[in-house]
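Visitor: mind folding the following:
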Amino acid sequence: MNARSQTFEFAVEGRQIDEVVSCMFHTILFHRCVGKYHTNGEDSYSVGTLGYTDVDCDYIDFTYTATKTCRNVQQKKCSLVNLEKFSGM
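Guide: Reported below is the predicted structural model:
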């Protein structure tokens, strides 16, 4: 298997953890998501696009791109909160 592994190390303050994790999570998720497929007949289809928005971080000087879907944003926030609880932050 041609799997690649990347390791990122960050030295941040406690208030910056949520933003650093959000930046990484949203960026990876945004680049792996595709729009909804629509069939135009038996032999053809089209792929819709995702809505996106730029998010400015409060505690670090960085802007990242995230999907605009409200339901996805709520699920991601819930996942990040659970990650913080699990890691003891």
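Visitor: need the three-state assignment for Phe10.
Guide: Secondary structure for Phe10, judged by DSSP: H, G, I helix; E, B strand; the rest coil, is coil.
Visitor: that one and Glu19 touch, don't they?
Guide: No - look at Phe10 against Glu19 with Cβ atoms under 8 Å: they stay out of range, at 10.5 Å. Yep, even glycine has a C-beta here, placed from its N, CA and C like the rest.
Visitor: tell me which element the spatially most central residue of the chain is part of?
Guide: Compute the mean C-alpha point of the chain, and by Cα atoms, centre = their mean the closest residue is His26, 1.5 Å away. Using DSSP states H and E, His26 falls within helix 17-32.
Visitor: avg pLDDT for the very next helix or strand once past that helix?
Guide: Moving toward the C-terminus from helix 17-32, the next helix or strand (DSSP H and E) is strand 37-39. The average pLDDT within strand 37-39 is 78.
Visitor: so what strands line up beside the next helix or strand after strand 37-39?
Guide: As assigned by DSSP H and E, the chain's next helix or strand after strand 37-39 is strand 45-47. Sheet pairing here is set by DSSP bridges, and for strand 45-47 it gives strand 37-39 (antiparallel).
Visitor: so Cys63 makes contact with Asp54?
Guide: Wrong residue type there; residue 63 is Thr, not Cys. Yes - using Cβ under 8 Å, Thr63 is in contact with Asp54, at 5.4 Å.
Visitor: output stretch 21-37 as CSV, nothing but the C-alphas.
Guide: C-alpha atoms of stretch 21-37 as CSV (Å, rounded to 0.1, in the frame of the first residue of the first chain):
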residue,chain,number,x,y,z
VAL,A,21,-7.4,21.6,15.6
SER,A,22,-10.2,23.3,13.7
CYS,A,23,-7.7,24.5,11.0
MET,A,24,-6.3,21.1,10.5
PHE,A,25,-9.6,19.2,10.6
HIS,A,26,-11.5,21.6,8.3
THR,A,27,-8.7,21.8,5.8
ILE,A,28,-8.4,18.0,5.5
LEU,A,29,-12.1,17.5,5.4
PHE,A,30,-12.6,20.3,2.8
HIS,A,31,-10.1,18.8,0.4
ARG,A,32,-11.6,15.3,0.8
CYS,A,33,-15.2,16.3,0.3
VAL,A,34,-17.0,16.2,-3.0
GLY,A,35,-20.3,17.7,-3.9
LYS,A,36,-23.6,15.8,-4.3
TYR,A,37,-23.8,13.6,-7.4
